[in-house]
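Student: take this sequence and fold it.
(one chain, ligands or ions: 1)
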Amino acid sequence: MRDTIFLIGFMGAGKSTIAECLKQQYGRRVVEMDQRIEEQEQIPISRIFEEKGEEYFRELETELLRELQKDRNLVVSCGGGTPLRPCNVELMRESGRVFFLTASPETVYERVKDSHNRPLLEKNKNLPFIRSLMEERQERYEAAADYLVSTDSRKAEEICREIVGKMAEIE
Ligand code: S3P
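Tutor: Have a look, this model is predicted:
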């Protein structure tokens, strides 16, 4: 059964917020990929990037997705770069449905501007950079997704209803 909900999308698209809402309102078990990796490595993502490099981090993401295949009915809040590897997309599609949460570059900027836990944005926290990285990734996000869900100016509860509704349609 492909019953896990994978939330993908750019940094600041709202993956963690929606995962938390799905947990609160629908009792779904949530896996935050970034958090799981930090717990496993016992250092923050920014230090993993600094000390071991991005490739090492990407490998950990793939390993974690493999491990999650053993579970069912999860909500997985993916890292923003998780769906960029084709093998990760395959792993997700084997065990669930992939929801691409979209947000405008302006919305993303507003959501990430005061945080410091995203190494790719740390020295590039500005609209032109966000817009260009988003454009570069857009095609791959769309190709990975079963569904696109807009998050701009929408309440988390409404977005969750849409996601749960889509899951019910296909069951
Ligand atoms: C990344 C997004 C981050 C985190 C890492 C790399 C990316 O996750 O996995 O900093 O490549 O977009 P969030 O999307 O949860 O911020």
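Student: can you give me the strands in the protein?
Tutor: 4-8, 29-32, 74-77, 96-102, 147-150 (DSSP state E).
Student: touching the helix-or-strand element of the chain with minimal mean pLDDT from outside, list them.
Tutor: The least trusted helix or strand in the chain, going by mean pLDDT, DSSP states H and E, turns out to be helix 119-122, with a mean of 93. Helix 119-122 has contacts (Cβ atoms under 8 Å, 6 or more residues apart in numbering) with 11, 45, 46, 49, 50, 80, 81, 112, 116, 129, 130, 133. In short, each C-beta sits where N, CA and C put it, glycine included.
Student: sort those by pLDDT and name the bottom one.
Tutor: Among those, residue 116 carries the weakest pLDDT, at 89.
Student: contacting residues around it?
Tutor: Residues in contact with residue 116 (Cβ under 8 Å, 6+ apart) are 46, 122.
Student: what about it, distance to residue 46?
Tutor: Residue 116 is 8 Å from residue 46, where distance means Cβ to Cβ, to the nearest Å.
Student: below-threshold pLDDT in this structure: ranges please.
Tutor: Judged by pLDDT under 70, the chain has its weakly predicted residues at 171.
Student: need the residues of it near the ligand, please.
Tutor: Counting by Cβ under 6 Å from any ligand atom, the residues of the chain close to the ligand are 11, 15, 34, 45, 79, 80, 81, 118, 119, 120.
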